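Colleague: Sequence and predicted structure are below.
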Amino acid sequence: MINETFVASDPKSAYEQAVKKYGESVELVSAKQVKHDDGKLRSEVVISVPKTLFMKKSFGDISMEKIESNDEEMFLEEIGELKAQLAQMKDGLLAENKLGSTAEEVKSLFMKKGISERWLDEIFTTLIGSSVIEDAPLLVSYLLEEIDELLNVTEEELSMPKVMMLVGPTGVGKTTTIAKLAARYAYLLDRPYKVALMNLDSYKVGAIEQLEHYADIMQIEHISVSSVAEFKEKLESLAEYDVVLVDTAGMSPYDTQKFIKTVEFVNSDIPKNIEVHLVLSATVKYEDMEDIYRNFSFLNPDSVIISKFDETKHLGTLLNFMLLYKLPMSYFSVGQEVPDDLLPASKEYLLEHFIGDVNEG
Ligand SMILES: Nc1nc2c(ncn2[C@@H]2O[C@H](COP(=O)(O)OP(=O)(O)OP(=O)(O)O)[C@@H](O)[C@H]2O)c(=O)[nH]1
Ligand SMILES: [Mg+2]
């Protein structure tokens, strides 16, 4: 695949240029706003297309053989060989220093619980030769400590006015979590914070009503906006609010148009600090994780809110996501009740639940 950057005054036009050139099947890699030398902000959208399509669209029908010179082919072949050799060496190392049955058992237990072999192998290679590797309880504690060290938690910080935007796949609990956060900030902390709720557009019938309903019950300001200009304007009018919680429509990782639209809001030049929280269900499937990360990462999430903790005992897949992508966690949603079922993120809580699962074997 080849990446190509398209530049325009806004991300939507930049993306449209890409679609015009390559068709609807372009894969979005990133979208951001960049200040150019002339001082103007422009949007850069990076897309990825198969190399053959790139050649065809960029150089017309010039024979591919000419472009793919012998040199390049040889170079690629050499890289391929080197890669294969490296993989062989790594396998050899692990096989040679055979882990031993205790370590193999612990490894397969963690793998069964959802932790990736790649991550485990990295840790085990550093332990080969040490006594830790022969003592199962010690080894389990060691692995848990490693996990604990790699996890990150963001402190709840409300001293500066801010906008918190919740994004994430469909149905993960964004709107419910917004209601819980609103109640927490407005009524449950050391002092009442001034909170407003905002809906970005209404992609779905009933989406606005759901948030409005919570706002009514809690007697909190609720606003719905449908354009970036309106977003900026409303935020200016909410200048004296401590927190503006922004609800967005659920996005399938493949719904490029919604991403492009949301990027425009995230990157807009607004008067307040904007924090993007990716809401991820604890029940996330291993095979969906990578797509979710790849697509939502271009909204530059500051942290992850984990929802539906109560719906699964198996947290390995989720832990694996946190270990791989190293995003800090901000809150845990542990049930449907507003406002009770919300906790500030805690490593202890996550690890305790994971250990419970590991102990069950
Ligand atoms: N068990 C459980 N259910 C939850 C939790 N959080 C939300 N839900 C439920 O999940 C369902 C969807 O919640 P919403 O808040 O509407 O999810 P959403 O992400 O806003 O959905 P879309 O806007 O459609 O993308 C509702 O039935 C919620 O009650 C949780 O932590 N645990
Ligand atoms: Mg919703």
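Modeller: Arrived safely, thanks for sending. Ligands and ions are numbered 1, 2, ... in the order given.
Colleague: quick one: stretch 133-145 to chain centroid distance?
Modeller: Here stretch 133-145 is found 29 Å from its chain centre; the criterion is CA atoms, centre = their mean, to the nearest Å.
Colleague: what residues does that stretch touch?
Modeller: 99-100, 102-103, 105-106, 110, 120, 123-124, 127, 131-132, 351, 354-355, 358 (CB atoms under 8 Å, 6 or more residues apart in numbering). For glycine as for every other residue, the C-beta is placed from the backbone atoms N, C-alpha and C.
Colleague: and that stretch, C-alpha only, in CSV?
Modeller: What follows is stretch 133-145, C-alpha atoms only, in CSV (Å, rounded to 0.1, in the frame of the first residue of the first chain):
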residue,chain,number,x,y,z
ILE,A,133,10.7,-18.5,35.0
GLU,A,134,10.6,-21.7,37.0
ASP,A,135,8.2,-20.6,39.7
ALA,A,136,4.6,-20.2,38.5
PRO,A,137,3.2,-17.9,41.2
LEU,A,138,6.3,-15.7,41.0
LEU,A,139,6.0,-15.6,37.2
VAL,A,140,2.4,-14.7,37.3
SER,A,141,3.1,-11.9,39.8
TYR,A,142,5.9,-10.7,37.6
LEU,A,143,3.7,-10.5,34.5
LEU,A,144,1.0,-8.7,36.5
GLU,A,145,3.6,-6.2,37.7
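Colleague: May I see the buried residues of it?
Modeller: Neighbour-count burial for stretch 133-145, counted by 16 or more other CB atoms under 10 Å, picks out Ile133, Leu139, Val140, Tyr142, Leu143.
Colleague: Would you format those residues as TSV with pLDDT and secondary structure included?
Modeller: As requested, the buried residues of stretch 133-145 are exported to TSV (pLDDT from 0 to 100; DSSP: H, G, I helix; E, B strand; the rest coil):
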residue	pLDDT	secondary structure
Ile133	89	helix
Leu139	94	helix
Val140	93	helix
Tyr142	94	helix
Leu143	95	helix
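Colleague: For ligand 2, what's the nearest residue on this protein?
Modeller: Relative to ligand 2, the nearest point of the chain is Thr175 (3.3 Å; CB to the ion).
Colleague: Give me the distance between that residue and Ala215.
Modeller: 11 Å (CB to CB, to the nearest Å).
Colleague: what is the mean pLDDT for stretch 209-220?
Modeller: Across stretch 209-220, pLDDT averages out at 93.
Colleague: Can that stretch be said to contact ligand 2?
Modeller: No - counting by CB under 5 Å from the ion, no contacts exist between stretch 209-220 and ligand 2, the nearest distance being 6.2 Å.
Colleague: Buried residues, that stretch. List them.
Modeller: Under 16+ other CB under 10 Å, the buried positions of stretch 209-220 are Gln210, Leu211, Tyr214, Ala215, Met218, Ile220.
Colleague: contacts for it?
Modeller: Contacts of stretch 209-220 (CB under 8 Å, 6+ apart): 175, 178-179, 182-183, 186-187, 195-197, 199, 221-222, 247, 338.
Colleague: rerun that using 10 Å as the cut-off
Modeller: Residues outside stretch 209-220 that contact it (CB atoms under 10 Å, 6 or more residues apart in numbering) are 174-176, 178-180, 182-183, 185-187, 194-199, 202, 204, 206, 221-224, 245, 247, 338-339.
Colleague: Mark which of the residues you listed are buried, thanks.
Modeller: By 16+ other CB under 10 Å, the contacts of stretch 209-220 give 174-176, 178-180, 182-183, 185-186, 195-199, 222-224, 245, 247, 338-339 as buried.
Colleague: list the buried ones in stretch 107-124?
Modeller: Lys107, Leu109, Phe110, Lys113, Gly114, Ile115, Ser116, Trp119, Leu120, Asp121, Ile123, Phe124.
Colleague: swap in stretch 21-33?
Modeller: Going by 16+ other CB under 10 Å, stretch 21-33 has these buried residues: Lys21, Tyr22, Val26, Glu27, Leu28, Val29, Ser30, Ala31, Gln33.
Colleague: what are the phi and psi angles of the fifth one?
Modeller: Dihedral pair for Leu28: phi -80, psi 130, per degrees, to the nearest 10.
Colleague: isn't it right up against Thr5?
Modeller: No - the pair Leu28 / Thr5 is not scored as a contact, 11.8 Å apart, by CB atoms under 10 Å.
Colleague: how many neighbours does Met160 have?
Modeller: 8 (other CB atoms under 10 Å).
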